[in-house]
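**Student:** next come a sequence and a model predicted from it.
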Amino acid sequence: MSIKRICKYGEKILEKKTKKVNFGELKKELPALLMDMFETMEAVGGAGLAANQIGLDLRLAIIKINREDEPPLSIVIINPEIVEKHGSMYEEEGCLSFPGLFAKVRRAAKVKVRALNEKGLPIEVNAEGLFAKALQHEIDHLDGVVFISRLPLMSRLRLKPALLKLKSQWKKIDESKMKIPKPL
């Protein structure tokens, strides 16, 4: 198990629709990959993580939502598709690829999603509220859509200075991690 580097806004893999997973080809590597994804997501306090956020061109995502007085809701979705949407909600959202940035996004209040689970079995998920929001957010990632793309134009324009500042901070952090100490 290992914590993976999370791709940040501006990296091309986040803007690209991911490739459909051939479950048979990925089956052997999947348990280790999923452990790495869950470990990475939990290390940074996220509720979901798409494979392209750790640099993998795979239509695969995970979600784990902690709930009061109930066990966490944890799910793996492979090749997910939203087949129904109902209602509307307008709530604040954040993203691991945009650390420190939050904005209100309009989403469907309820969704029905079809996918494969971690065993390669077909599943159908009916979700509402936070779970519906997380499913839509992660499926957007797999479609190459970042959450700020869902904002009205004026909101995106207002965020531009903050994004530029955050991008420069992310770049400095990533560069400092890549520095190799000089030998004595």
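**Tutor:** Nice, I can see it.
**Student:** low-scoring pLDDT stretches of the chain, where are they?
**Tutor:** 1, 170-184 (pLDDT under 70).
**Student:** residue 43: what's it in contact with?
**Tutor:** residue 3 (CB atoms under 8 Å, 6 or more residues apart in numbering). Any C-beta I mention is one placed from the backbone N, CA and C, and that applies to glycine too.
**Student:** the nearest residue to residue 146 once chain neighbours are set aside: how many residues sit nearby?
**Tutor:** In space, and not counting its chain neighbours, residue 146 is closest to residue 14: 5.9 Å by CB to CB, 6 or more residues apart in numbering. Counted with other CB atoms under 10 Å, residues neighbouring residue 14 total 20.
**Student:** could I get the contacting residues of residue 14?
**Tutor:** With CB under 8 Å, 6+ apart, residue 14 has these contacts: 7, 52-53, 97, 141, 144, 146.
**Student:** how about a cut-off of 6 Å?
**Tutor:** 7, 97, 146 (CB atoms under 6 Å, 6 or more residues apart in numbering).
**Student:** equivalent analysis for residue 96, please.
**Tutor:** Here residue 96 is in contact with 6, 44, 46 (CB under 6 Å, 6+ apart).
**Student:** which one is the second one nearest to, not counting chain neighbours?
**Tutor:** Closest residue to residue 44 in three dimensions, ignoring its sequence neighbours and counting by CB to CB, 6+ apart: residue 96, at 5.8 Å.
**Student:** residue 74 too?
**Tutor:** The shortest distance from residue 74 to any non-neighbouring residue, by CB to CB, 6+ apart, is to residue 64 (4.5 Å).
**Student:** which SS state does residue 167 fall under?
**Tutor:** helix (DSSP: H, G, I helix; E, B strand; the rest coil).
**Student:** can you count the residues close to it?
**Tutor:** For residue 167, using other CB under 10 Å, the count is 14.
**Student:** quick one: residues contacting it.
**Tutor:** residue 10.
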